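# 3D model of this:
(6 chains, ligands or ions: 2)
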Amino acid sequence: MEFLVASAIGILTAGGIYLVLRLRTFPVILGISLLTYAVNVFLFTSGRLTIAGAPILRDGVTHYADPLPQALVLTAIVISFGMTAVVVMIGLGAFLGSNDDHVDDQPETETADAEGRS
Amino acid sequence: MSHWIIAPIVLPALLAPFIVLAARYHIGIQRALSLAGVVALVVIATALALQASDGTITLYRLSDWAAPFGIVLVADALSTLMVLLTSVLALFVLLYAIGSGWDNRGRHFHALFQFQLMGIIGAFLTGDLFNLFVFFEVLLIASYGLMIHAGGNARMRAGVQYVLFNLIGSTLFLFALGAIYAETGTLNMADLAQRVALIGPEETVGIRVAAVLLLLVFAIKAALVPLHFWLPSSYAEAPAPVAALFAIMTKVGAYAIIRVYTLIFPPELAATQGLHDLWLLPAALVSVAIGMMGVLAAKKLDRLVAFAVIGSMGMVMVTLSLFTPEGIAAALYYIIHSTLAGAALFLIADLVRTGRGGLDLTAQPPMAGAALTAGFFFVGAIAMAGLPPLSGFLGKLLVLNASFSAPQAAWIWGVVLVSSLVSILGFARAGSILFWKAESLTLEEADPSRSVPRPLSYVAVGGLIVLLAAHTVFAGQMHGYTSKIAGQLFDPAPYMLKVLDTPGKLSQPKEGH
Amino acid sequence: MLGRAFRWLMPHPFLTLLLAVVWIVLQNEFSAGMAVFGVILGILIPWGTSAWWPDTPHRFRLFKMIRYSFLVMWDIMVANVQVAWIVLTVPNPKLKPAWIVVPLDLLEPEAITMLAGTITLTPGTVSADLSDEGHSLLVHVLHTEDPDAVRDDIKSRYEARLKEIFS
Amino acid sequence: MMSAPDLMSLALSIAFISLAVAQLMCMIRLVLGPSTGDRILALDTMVINALGLVILLGIHQGVRIYFEVSLLIAMLGFVSTVALARFILRGDIIE
Amino acid sequence: MTFEVIGTYATAIFLLIGSGFALVGVLGLLKFNDSMTRLHAPTKVGTVGIGALLLASMTYSYVSGAPSMHELLIMAFLFVTAPISANFIAKVNIHLRTCETPPAPPRDDTWSTLKAPEDDQDLDPASDT
Amino acid sequence: MSLFFIVLLPFLGALLPGLMNSAGRAAVAGVTFTVSLAAFVGLLTNLPTVLAGEVVTARIDWMPLLGLNFTLMLDSLGFFFAMLILGIGLLVIAYARHYLSRDDNMGEFFTYLLLFQGAMVGIVLSDNILLLLVFWELTSLSSFLLIGYWKHLPAGRQGARMALTVTGMGGLAMIAGMLILGQIVGSYDLSVILQNRDLIQADPLYLTALLLILLGCFTKSAQFPFHFWLPHAMAAPTPVSAYLHSATMVKAGIFLMARMWPVLSGTPEWFMIVTTAGLITMVLGAVIALFKHDLKALLAFSTVSHLGLITMLLGTGTAFGAMAAVFHILNHATFKAALFMSAGIVDHEAHTRDIRRLGGLRKLMPVTFTIATLAALSMAGIPLLNGFLSKEMMLEEAYGTALFGVPWLVPALATVGSLFSAAYCFRLIGHVFLGPVRDDYPATPHDPPAGLWLPPALLMIPVVLIGVAPFLAEPFVKLVTASVLGEAADVPKAYFKIWHGLVPALYMSIAAVVGGLLLLAVFNPALRFWEAAPRPEAKTIFEAVVEAVASLAQKIILPLHNGAFSRYAAIGTVAIIAAGSHAFVTGTVSAPTREMQSVGPVPIAGWLMLIAATGGMVFMHRNRLLSLILIGIVGLMVSIGFVFFSAPDLAMTQFTVEVVTIILMLLALNFLPNKTPVESSLLRRLRDAVVAIAGGLATFGLAYHYLLRDAVATPISEFHLANSYKGGGGTNVVNVILVDFRGFDTYGEIIVLGIAALLIYALTETLLDGPVRARLLNRKPDQPRAGDMHPMMMVVLTRVIMPLVLLVGFYIFLRGHNEPGGGFIAGLIVSIAVVMQYMASGFSWASARLRYPYHGVIGAGVLIAGLTGIGSWFVGKPFLTSDFTYVRIPPFEKFELATAALFDLGVFLAVVGAVMLSLESFSRLARRAHVPDTEHPMDIDPSRDDPPAEKAGYAKEGV
Ligand code: NA
Ligand code: NA
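Ligands and ions are numbered 1, 2, ... in the order given. Down below sits the predicted model:
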């Protein structure tokens, strides 16, 4: 099981990195999302893997998953959701302004900007 | 229990939503509230710094849970100094933002500004590593908003890159935190320090990777080459007061490195031997070189200043990488200097932009309000390039002096001094083009958008310059204080005792330490 | 007067009932307190969202509706077996899918929606679209020899009953 | 005839495997497409099958804490289907 | 046979029925070679499949002594939302012309999905996406 | 007067002229003069003490831990230089008052001048070498300002930058040298350093320190090969040239060599370097000076030459050499300042400094002629003038010096240098003043008013007086020499006199003067030869070097920071992976401590799905909609994974976030292209794949490593499990951690969300206020659209589903403390419910009926959370301390009231507000002006279009 989870983290990371290195904003954002999944699972596994032991206290039960990483991941999910929304919006704003969704600065737009700016 | 420690976090955190709720459509009320908040922040920060100045460490247990089970804030000399620096900087930056009208060129400037302060100050005060992550995110997301404040294509494009790069950084932070928790089972810094020491020599892989990942996270914040790429265009494109406020953000990274690598992974820790000492210094030296070369290479004034910030962060990191009390003391002195100087220069660049209509380093007719702007630029450039008599020079002396006995002293001295020369060249070239060459052109060719900066803008910049001067005149006291802080950092026992031995709800101090 | 107050308080009484019931089921055990609480929520939530449900059918026969539900449920079960059989046994070339058009006598959106939903949930049919004035329903049939029979079946078996419920 | 618990565990295993296989088959349809409608349908089906998996897990682990998860999937799973379809139909999903 | 044993058998049978239906539904999704016919299988069969699993869960809850009615809610939600999904996917298919074009409605002009706004008459529906 | 005042007066006074500009030129000059005079007088008050051979000191601690203190000392050497600086300063101020034209900003000029003066005085009075460095660099800065004073002149700007660069470079080197020196000795106090000759000279770093310090001195004093900046600094106004570039600043290097003489000199290294540099400079400067046509350039190179002379004298390392150097410093300062001022007068009067256009001025400006001739003759080494005396001493010293083991080398070169020196002096007299009066001067020259000629004339007094009666200068020079020598040597006994007998120096001197005259006689052929001879132009070389550095910097920096995020990310990722892997491979690993858990078919299937979806995203990411669907599946699988591994809260959060994210991305994709074009090369994709795989392996390795091992100590979450119910009042430990144990994190987290929404809103506003608005208004859809915006089925079912979802949201919120759920998930559920309404009936219809402003909801949420936290202050507890109690109100069962629930309510509101404000902002972008607001919740409604008979019975509500 551990191997499955660890390799899933690795594959999500690899996919994420590959997409982050693309040239348009949209795939890059998707890449970041994949990385976020990877790191959330990674952080989650820092409490190790527990099956059938949700951290909801029940009388007589002593087998619980580590609740702390779960809380941390929950925070991380929320934060990265906010971040995703923001980056999507800024990316959209950049695209609407220049009709170009390259994530890299384009030589010609740079000069156009320089001329266009007051 | 005194609640003053949390006041610098809660005050802006309450003020910001209040501004959003009550004063969304009234810039005047927003300004008044924001300014009042920052003034109060300065007062509180001063009081906290005074309280901590005699070595007192104050603990604040959030939700009343004791460390390491709950989150704690720790006010020691270092954290309160950084909080004070932040608030004072914020005051002048805010004055400038109001004076120049930048705050009214988009929505929610003041709310975002307050949130930004909350994030930065929280990062300085927290004693918990995951909480540090949360505050990093708060300060980052507020910075995204401030960075793209007022919009515009170039700014937006730079904003995308800035956000994306920092998202990678945040991801990395979480990887580091996961590794840390997996290895140690805790998140509190003091507790971590204890637990990391328990790790035996036979099983160091995990903690080593964690230590390095954490350092990389902070290195991104501190804009250490080659993780600095986010900085030049985002600082250059950000609205001037925002860029000026950002001058403290790189220091958050430096602060975190100082804190974590004196407390949790001190230089003598066996498990993490041979890590950062291997490449931190080279990276810092390259940062100095890149930064200063950038000053010479830049084609626009705002980029020039951005590169100067990279260079000055390099200087900080050079000294930090020694991990000696002298080095930390010098780094702290330099941090204060570079924050003030960087901020001042960003604002001065905006005075130039206002008076001239653009920041291209090409000859253009004389700018409006040239004399005062030129004077400020001269002083700011002297400070940043590390020329006497200002604090940049003194900081440079401290850096060189602290690194004298390091094995790589020749490298450090060589790079620092040669880069200084390059940056002097760069600043001289820029100043000469902006203020001297302009005299040979006639006003008829001037940009129509040029206008005289408002008096309040000058007051704000002047205030920062005065602070720089004070940092110079009282260099002895400041350096004495930073040395004291360094001493406190290299003797972490009282810190750990304070954090871990203070009981909280349902918990008594642990036995045996 | 009282009626208007009632309408203001409870714009959709059946919704209130539904919410109260759902609340009780959610609790997984019946208790008077929870029932009261459920009713309170059942009043509050429709009240808070009534702006988004501006008009309501003037009549709705609950008991006929319940009978109709049982009919549909039975049909669903039968349909599932049929469709599963088709999936498993009928090869693709022999499959005879068809579009059928059901002219509608129903006018209320609630009624039409219920019909469309029923069609989708029952024998080999999916309601795909409405005509641009809303007078016909487009239905896709998975496998039939006689599309017209399917259409008539829909009209008599479901639409007629729905007409009663909503009149 | 099998004993009840044996049959139960066998049935559970068969159910798990069936749903797992079903998920993989959906995945194939999703990748093959060919039309976007098919892909959305595949996603929708996967969400519902995932709901089935959660229920099976609940039975398997004998705990009731997954009810909220199942409820959520049942309640909200269709929202992304609708959003995707609306995107194809109108471009703007909220207009 | 006790109540528990019967309940357990029932649960097992429900499980088998449910998962079987779910599997068959997806089989249809994979097997059929037309977008509209593919739509039939999972939207109905899947729903009932999951419904049976929910019944299994409910039965089992009575067997294991913690009776639960919750599952009814889940089923209800599934039954209410499934037609919406199906309707939208069908509209997508019609819009993208990935199925046979439906016959014209008798009383009205056309089907609502096909009534494209005048703004984008010149855009070819099948070209994009 | 205290030494502090002498140093600080010029600095403080520097503020006055700049601020007094409006008071008039006389006032400005007057105040400057007064300030300078005050400092001068202050200096003179210390004369008795100095003459008594005592050292005046003053000290204020500045940075004691560093060893940089405001420590001043005044001995005779310092006094000598301070007197030159302040004395000549007074004359220059008086001269400049008349020299500057009405167009020049005199206040600015005098401000800079006083700054310079202060810095210069600071150098010579510093008793702390770090303080000396401060002043040292300040002279570079103020001279930069002074040289560039005429901003409109390109030559001035270039000269200023060149001077700053060269002297700045030297200064930086000197910083290093001084720091090394201080580290060797253990103190930066000069008085301490000067006691430690043996320690310093024995140290392995001595040579390094020496080289670095000399680099500073040579650049400042324009010694070969750094001599080239000085002539270009002549673009400055003449008072500046006279003051900085002959009398004072260029002597700073000389001063420092003299200052450090006791500890640095006397070694072979010192002798070789300093003597050689001085000798070459002396000869080269003299040769170049002869052929310069610009009067000031001639003087500039002559200064270079004389500075070389002095340097050479100091280099010999003998006491006599030092004494000669001191004497020549004094003499040179007098005649050279006078010469510069005379040149300035000529320039001022004739409007040219080109020697070829001058001549015959003797008759037109006799006073100037007299002054200049006296000064020039002194410089040429003609007896009865002071220059002769020190030059004789130099030649005598040279005669006794053997360099590289060659005894004649130094004397020969010294003679050659003197010869050229005499030649250019004669040329100056002959070609400027003698000869026939011309009629083609750019302006007709006259003797200027006394204000201009009096200062140089005053300087002629010492020139002649010392020349005739050298014994007058002798005690003073010896006194100064004594302080140069310190304890390293005794002051020579030799007397100062005009006639020493027929010593070799006399022959050398005669040879020089005669040779000089002869050389002038063949000046024209010599000039032609000089001009034909190939020689490197230092300025060109310097500029080429600077240009090369600048273009190198640009070549490195600009392409590296060209805004290519994809490269930034690649570099960053590789760096991170490399550093992490390095840490990994250099660490130690021991055997796993945990068992591997077994795997069933379901996890494998889930794993396969995850892999397939991720792979699908990578390979099919160009189809953006498809990649959205795929990422939805990734999210779904991760949620199921969380369920599987006992994390229901996470599963719910992940799932709901997933739904909202897809909605958000779809809203954005509406504007963006639906496809990503192929742009990167195969090679690049390969590179990215390699980086990605490396990153994947790294995270896999790390995760796998610790999944099989336990933490070093019991995780702190044991405490959370044990005390969640007792202390937090909840059985859902995750929720208790979120709202209680680590409520502060959550507080920060909702603030992040709130900020995100504010940011999105603010950006939307900015976009809609800017040029983007027009583009949005005219936007054509990029894909064909179907009819039926608001399908009936969706609308009708939403009317039922949405209230139900809200109910469930409420349920999840209430139960969160004890069962899976909580404010955050509930918030997301409620948001999705509202989004459903938006999707059903459209933005405009739905939001027009909305009663809650989202800004307010966010603000209220954050405030409630914050105020809940503050609430605990009133019971004396820290921020966010929770409390709970159980209450019973019939007919309800006993239920729990917890402050944590209030905090959770804040979370809930913030989430709802944030999500809705964000989505709303996105939707607002899509609203096109010509699309009218929808007036009905659904497009098709037969009951509306042809109402049934009983239509009247319909209840119309709302709106
Ligand atoms: Na059907
Ligand atoms: Na699009």
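# what sits against the closest residue to chain A within the stretch 1-150 of chain B?
Checking the stretch 1-150 of chain B residue by residue against chain A with Cβ to the nearest Cβ singles out residue B:137 as nearest, at 4.9 Å. To be clear about C-beta, it is placed using only N, CA and C from the backbone, and glycine gets the same treatment. Residue B:137 makes contact with A:79, A:83, B:119, B:170, F:748, F:749, F:752, according to Cβ atoms under 8 Å, 6 or more residues apart in numbering or on different chains.
# then residue F:625?
Contact partners of residue F:625, counting by Cβ under 8 Å, 6+ apart, are D:36, D:84, D:87, D:88, E:129, F:669, F:674.
# burial of the third one, as a residue count?
Think residue D:87. Residue D:87 has 26 neighbouring residues, counting by other Cβ atoms under 10 Å in any protein chain shown.
# if I look at the closest residue to residue F:561 other than its chain neighbours, how far off is chain C?
Nearest non-adjacent residue to residue F:561, counting by Cβ to Cβ, 6 or more residues apart in numbering or on different chains: residue B:232, 5.1 Å away. From residue B:232 across to chain C, the span is 49 Å (Cβ to the nearest Cβ, to the nearest Å).
# for residue A:67, same thing?
Using Cβ to the nearest Cβ, one gets 24 Å for the distance from residue A:67 to chain C.
# show me what contacts that residue?
The neighbourhood of residue A:67, defined by Cβ under 8 Å, 6+ apart, consists of A:47, A:55, F:717, F:720, F:721, F:724, F:733, F:734, F:737.
# which residue packs closest to the second one, ignoring adjacent ones?
By that I understand residue A:55. Once flanking residues are discounted, residue A:55 sits nearest to residue A:67: 3.7 Å by Cβ to Cβ, 6+ apart.
# quick one: the helices in the chain?
Answering for chain A, as no chain was given. Per DSSP state H, chain A carries helices over the ranges A:2-20, A:25-45, A:67-98, A:107-116.
# my question was about chain E
Under the criterion DSSP H, chain E contains helices at E:3-31, E:35-40, E:47-63, E:70-96.
# need the contact partners of stretch F:643-651.
In contact with stretch F:643-651 (Cβ under 8 Å, 6+ apart) are residues A:44, A:49-56, A:64-65, A:70, A:73-74, A:77, D:53-54, D:57, D:65-66, D:68-69, F:602-603, F:606, F:639-640, F:642, F:732, F:734-735, F:820-822, F:825.
# residue furthest from the geometric center of chain C?
Residue distances from the centre of chain C (Cα atoms, centre = their mean) peak at residue C:93, which lies 33.4 Å from the mean C-alpha position.
# now do the phi/psi pair for the closest residue to residue F:402 other than its chain neighbours.
Distance criterion Cβ to Cβ, 6+ apart; nearest residue to residue F:402, sequence neighbours excluded, is residue F:410 at 6.9 Å. Backbone torsions for residue F:410, taken as degrees, to the nearest 10, come to phi -70, psi -50.
# what of residue E:67?
Backbone torsions of residue E:67, given as degrees, to the nearest 10, read phi -60, psi 140.
# I'd like to know how many residues surround it.
Residue E:67 sits with 12 neighbouring residues when counted by other Cβ under 10 Å.
# got it, and residue F:487?
Other residues within reach of residue F:487 by the criterion other Cβ under 10 Å amount to 10.
# SS state for it?
State at residue F:487, reduced to three classes by DSSP: H, G, I helix; E, B strand; the rest coil: coil.
# contacting residues for it?
By Cβ under 8 Å, 6+ apart, the contact list for residue F:487 reads F:194, F:195, F:197, F:262.
# shaky segments in chain F?
Per-residue confidence of chain F (counting by pLDDT under 70) places the weak regions at F:1, F:928-932, F:946-959.
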